[in-house]
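Q: show me how the following folds:
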Amino acid sequence: MIDDKYAYLILSLLYMVAWLVVFVKNPWKSGMIKVGAIGGIMGVIAEVWYFQDYWRPPTLFGVGIVGVEDYIIGFALFGVGGYIHSSFTRKEIDFERQTAAKNRDFFFLWLIGCASLTVFSLILKIHSGYVTFLTFMALSIYIWIQRPDLIYLSLVSGVATLAITLVIYYLNFQILFPHFWETYGMLDEPVLGLKIFGIPLSEILWHSSWAILCSMFRGYRNGVYYKVST
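A: Okay, here's the model as predicted:
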């Protein structure tokens with residue numbers, strides 16, 4: 001039996017396998033690496049919200065302690081969620097429609113997301129599982145209203161990332177560490193603890209909504225439009 005302290009590390013590395021597949025097929029490799037580097041930092045920061053009521057996973061440094069696993073999985077999830085559509089749909093950029101970058105707007109959206117998690121989760125004590133899903137979807141809808149051309153792309157990314165997650169979670173939490181969520185999760189809230197194929201619904205909602213949002217970052221922030229398939 002594999003020691004529990006490797007459960008999160010193996011999960012992170014499995015996502016890195018998915019990241020590598022997306023990376024090989026992705027035409028914008030340098031951008032994917034840069035986004036991943038930022039994502040790794042966010043993966044570490046995110047535990048400020050999640051350790052208090054979502055989970056306290058074992059890492060190489062101990063239970064409920066920020067570890068290298070957080071950086072690895074953050075790196076992988078930003079890359080997979082943000083670029084899976086460009087790797088498998090092969091959409092080309094429509095340079096005739098490109099508009100000015102929205103770096104300031106994008107930064108404000110990031111601040112709003114962080115503020116939402118902080119206020120509703122840490123201060124008002126609403127479970128971070130609910131807050132995260134609703135925050136991701138609220139920000140996605142905001143972008144959809146401004147850029148309806150990104151709706152289809154984001155939904156495809158959400159479904160594709162969810163499919164990857166189901167495979168990874170089955171391997172890690174059904175075969176290798178079937179007791180993980182009962183031991184290290186804090187998902188006793190209504191709905192969040194429901195399981196589909198042994199996977200907590202909260203995790204399904206988290207990964208799919210994250211990919212929906214993350215997949216639009218490049219198009220929204222940089223003013224990039226993609227050619228419509230004919």
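Q: could you work out the end-to-end span of stretch 187-206 for me?
A: Start and end residues of stretch 187-206 are separated by 13 Å (Cα to Cα, to the nearest Å).
Q: any idea of the mean pLDDT in the one helix or strand Ser154 maps to?
A: For Ser154, the element it lies in under DSSP states H and E is helix 151-170. Averaging pLDDT along helix 151-170 gives 94.
Q: and stretch 35-52, by the same measure?
A: On average, stretch 35-52 scores 94.
Q: residues in contact with it?
A: The contact list for stretch 35-52 (Cβ atoms under 8 Å, 6 or more residues apart in numbering) reads 19, 64, 66, 70-79, 82-83, 117-118, 121-122, 128, 131-132, 217-218. Glycine gets a C-beta too; all of them are placed from N, C-alpha and C.
Q: among these, which ones are buried?
A: 19, 66, 70-79, 82-83, 117, 121, 128, 131-132, 217-218 (16 or more other Cβ atoms under 10 Å).
Q: rewinding a little: just the contacts of stretch 35-52: which are in helices?
A: Of those, the ones assigned to helices by DSSP state H are 19, 70-79, 82-83, 128, 131-132, 217-218.
Q: and for the closest residue to Gly82 other than its chain neighbours, the neighbour number?
A: Closest residue to Gly82 apart from its sequence neighbours, by Cβ to Cβ, 6 or more residues apart in numbering: Cys214 at 4.7 Å. Counted with other Cβ atoms under 10 Å, the neighbours of Cys214 add up to 25.
Q: surely Cys214 is in contact with Phe78?
A: Yes - in this structure Cys214 lies within contact range of Phe78 using Cβ atoms under 8 Å: 6.4 Å.
Q: contacting residues for Leu171?
A: Leu14.
Q: do you know how far it is from Leu9?
A: Applying Cβ to Cβ, to the nearest Å, the value for Leu171 to Leu9 is 14 Å.
Q: strands of the protein, start to end?
A: Taking DSSP state E to define them, one finds strands in the chain at 58-59, 62-63, 195-196, 199-200.
Q: got these as JSON lines, with distance to Glu96, mean pLDDT and mean neighbour count columns?
A: Output for the strands of the chain, formatted as JSON lines (distance: least, Cβ to Cβ, whole Å; pLDDT from 0 to 100; neighbours: other Cβ atoms under 10 Å):
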{"stretch": "strand 58-59", "distance to Glu96": "48", "mean pLDDT": "94", "mean neighbour count": "22"}
{"stretch": "strand 62-63", "distance to Glu96": "54", "mean pLDDT": "92", "mean neighbour count": "12"}
{"stretch": "strand 195-196", "distance to Glu96": "43", "mean pLDDT": "86", "mean neighbour count": "12"}
{"stretch": "strand 199-200", "distance to Glu96": "43", "mean pLDDT": "89", "mean neighbour count": "21"}
